[in-house]
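S.K.: Any chance you can model this:
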Amino acid sequence: MALMFLNGGGMSGGPLHPYLLGTPMLRPARTAPQYRFYAVGGAFPGLTPGSPGCSVVGELYDVPLEILRDSLMPQEPPELELGLIELDDGTAALATVLRRDYRRALELIDISTIGDWRAYQAGQA
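M.R.: Residues are numbered from 1 along each chain as shown. As a prediction, the model looks like this:
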């Protein structure tokens, strides 16, 4: 089992949520205020360490490693990879983060001031 912070399509109601195969959410969560948050091509969120940082809204799950490996991670965009982040209460958790190689090559819309993928999407509708 691994603590996994989800802040995009894997959150409850999102298109990737079924790939958690019934893993229950532990609680709503926020990152520590040390990240930048991007809409990658407007299609999915990308989290990366950065300053000045913001706190990002998400959900925390205790996911079996086999589900991460075999079900959820194969569905994530190739621009994202597993990384280790800090939550606002000091807890360490896994999260999908923007690959370093892609940080300059993609159309990134900085949504750090919003810090919430669902709020960003609602504003685009």
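S.K.: can you list the weak-confidence ranges in this structure?
M.R.: 103-106 (pLDDT under 70).
S.K.: Show me where it has its helices.
M.R.: 65-67, 117-124 (DSSP state H).
S.K.: Select, out of those helices, the one closest to Pro77.
M.R.: Proximity to Pro77, assessed across the helices of the chain by C-beta to C-beta, is greatest for helix 117-124 (13.4 Å). All C-beta spots, glycine's among them, are computed from the backbone N, C-alpha and C.
S.K.: Alpha carbons of the closest one, in CSV - could you do that?
M.R.: In CSV, the C-alpha atoms belonging to helix 117-124 read as follows (Å, rounded to 0.1, in the frame of the first residue of the first chain):
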residue,chain,number,x,y,z
TRP,A,117,-8.0,21.3,-11.2
ARG,A,118,-11.8,21.1,-10.9
ALA,A,119,-12.1,24.8,-10.2
TYR,A,120,-9.9,25.5,-13.3
GLN,A,121,-12.1,23.2,-15.5
ALA,A,122,-15.3,24.9,-14.2
GLY,A,123,-13.9,28.3,-15.2
GLN,A,124,-13.1,27.0,-18.7
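S.K.: buried residues in it?
M.R.: In terms of neighbour count (16 or more other C-beta atoms under 10 Å), helix 117-124 has its buried residues at Trp117, Arg118, Tyr120, Gln121.
S.K.: Check the gap between the closest residue to the first one other than its chain neighbours and Gln124 for me.
M.R.: When the adjacent residues along the chain are set aside, Trp117 lies closest to Pro45, with 4.5 Å between them (C-beta to C-beta, 6 or more residues apart in numbering). Here Pro45 is placed at a distance of 12 Å from Gln124 (C-beta to C-beta, to the nearest Å).
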